[in-house]
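1. this is the structure alone, sequence omitted:
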């Protein structure tokens, strides 16, 4: 999915219009499956892959920003003027990545197959235009070992 999002026209269009790499943030990615799936781990994997591509900048999420802002306030009181970081210099996101994780359980003839589907969308923060849609499907066969006595 990362290769797909980075190979689509939205990226080249943005860079040619703005003359810089886009700043991206991950919004809500909802787990709508019946299983516990660590959405935070999934988000961190997306952020790492996007950042390491070198094609986009990644900005901190809401909870991270709150923590950083607290630190800046602390620096304003306790750090030297030369080293304290000024407020109001944060980069605003150009695009937000949002989506869902779903799963479907199919049972037939004693076999169980779980189909997972990840749907992601990249949304332009200024216009609310959806500039990319991605989807990944994975199937997993569940087998149960039979216990005999």
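-> Everything's here; your move. Note that the structure is a prediction, hence the values are computed from the model and not measured.
2. run a quick neighbour tally on residue 50.
-> For residue 50, the neighbour count with other Cβ atoms under 10 Å is 19. In this view, the C-beta of every residue, glycine as well, is placed from N, C-alpha and C.
3. so it is in which element?
-> Element membership for residue 50 (DSSP states H and E) is helix 39-52.
4. partner strands of the helix or strand following that helix, with direction?
-> Using DSSP H and E, the helix or strand that follows helix 39-52 towards the C-terminus is strand 57-58. Using DSSP bridges, strand 57-58 pairs in its sheet with strand 23-31 (parallel).
5. buried ones in the strand it pairs with?
-> 23, 24, 25, 26, 27, 29 (16 or more other Cβ atoms under 10 Å).
6. closest to residue 66 out of these?
-> Nearest to residue 66 among those, counting by Cβ to Cβ, is residue 25 at 14.0 Å.
7. how near is that closest one to residue 96?
-> For residue 25, the distance to residue 96 (Cβ to Cβ, to the nearest Å) stands at 5 Å.
8. flag the shaky bits of this structure, pLDDT-wise.
-> 144-149 (pLDDT under 70).
9. what's across from residue 26 in the sheet?
-> With DSSP bridges as the rule, residue 26 is bridged to residue 97.
10. contact partners for it?
-> Applying Cβ atoms under 8 Å, 6 or more residues apart in numbering to residue 26 gives the contacts 43, 46, 47, 61, 96, 97, 98.
11. just flag the most distant two among those residues.
-> Across these, no pair lies farther apart than 47 and 98, at 13.6 Å, counting by Cβ to Cβ.
12. state which helix of this protein is the longest.
-> Across the chain, the longest stretch assigned as helix under DSSP state H is helix 62-78.
13. can you give the contact residues for it?
-> Against helix 62-78 from outside (Cβ under 8 Å, 6+ apart): 60, 83, 84, 85, 86, 87, 90.
14. for it, buried residues please.
-> Across helix 62-78, burial judged by 16+ other Cβ under 10 Å covers residue 72.
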